[in-house]
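Enquirer: here's my sequence, what's the structure:
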Amino acid sequence: MPKIAVLGSGTGSNFQALLGEFGDEIALVVSDQPDAGILGKAEAAGISTVVEEGGHDLSARILKHLEGIDLICLAGFMRLVKDPLLSAFPNLILNIHPSLLPKYPGKAAWEQALADEAEMTGCTVHYVDAGVDTGEVIMQEEVAILSDDTSETLHARIQLAEHRIYPEAVRLVLGKIRGGA
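Expert: Below is the predicted model:
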């Protein structure tokens, strides 16, 4: 059975969505924030946790904890993933982003969409590469922007879509890992 590590910096809502589907396969949660909510959720589920705070060698320090891991899922991890982690897990690091990439990369994408007066946004699961939200798209889901949307209401609806498609995309990638594709 493939083993998954989840990297997160925040409350862990996407981790919770993954936990519901892949609880037996999630072996480790790593956070760069010692008070991140994701850590408490992982501990409550009996999953090992590690805190590695920022710094220029963060990816190298995280890599030291990933022996036996087959897939990495970023869940609100607010740091750039760099080498040697990228090289050690080519096309095996996934991220969920709150926009229809390539539109609105980076932080607070839902606010960018509102400021742009867009009619549609959504979320994207993609492979992580050396760029900021530039990796190959695995799956997307559209979310309409309503005339009375605020930053909070739009973000909440995008998160609901994220919680639907992230497990689906992980299942797809795990199928490739299991099948040797």
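Enquirer: could you export the strand or helix carrying Gly40 as PDB, CA atoms only?
Expert: Gly40 is located in helix 37-44, with elements delineated by DSSP states H and E. Extracted C-alpha coordinates of helix 37-44, given in PDB (Å, rounded to 0.1, in the frame of the first residue of the first chain):
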ATOM      1  CA  GLY A  37      -4.400  23.100  13.200                       C
ATOM      2  CA  ILE A  38      -3.400  20.300  10.800                       C
ATOM      3  CA  LEU A  39      -1.100  18.900  13.500                       C
ATOM      4  CA  GLY A  40      -3.800  18.500  16.000                       C
ATOM      5  CA  LYS A  41      -6.100  16.800  13.400                       C
ATOM      6  CA  ALA A  42      -3.300  14.400  12.400                       C
ATOM      7  CA  GLU A  43      -2.500  13.600  16.100                       C
ATOM      8  CA  ALA A  44      -6.200  12.900  16.800                       C
END
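Enquirer: buried sites along that helix?
Expert: Across helix 37-44, burial judged by 16 or more other CB atoms under 10 Å covers 37-39, 41-42. To be clear about C-beta, it is placed using only N, CA and C from the backbone, and glycine gets the same treatment.
Enquirer: using TSV, please lay out the residues you listed together with distance to Val50 and pLDDT.
Expert: Formatted as TSV, the buried residues of helix 37-44 follow (distance: CB to CB, whole Å; pLDDT from 0 to 100):
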residue	distance to Val50	pLDDT
Gly37	16	97
Ile38	12	98
Leu39	9	98
Lys41	14	97
Ala42	10	98
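Enquirer: still on that earlier bit, and the contacts of whatever helix or strand comes next after the helix holding Gly40?
Expert: Next helix or strand after helix 37-44 toward the C-terminus (DSSP H and E): strand 48-51. The contact list for strand 48-51 (CB atoms under 8 Å, 6 or more residues apart in numbering) reads 27-34, 39, 42-43, 62, 65.
Enquirer: which parts of the longest helix along the chain are buried?
Expert: The longest helix of the chain (DSSP state H) is helix 151-179. For helix 151-179, a neighbour-count test (16+ other CB under 10 Å) marks 154-155, 157-159, 161-163, 165-167, 169-170, 173-174 as buried.
Enquirer: show me where pLDDT drops low in the chain?
Expert: For the chain, the stretches with pLDDT under 70 are 180-181.
Enquirer: show me where it has strands.
Expert: 4-8, 26-31, 48-51, 71-74, 93-97, 120-127, 137-144 (DSSP state E).
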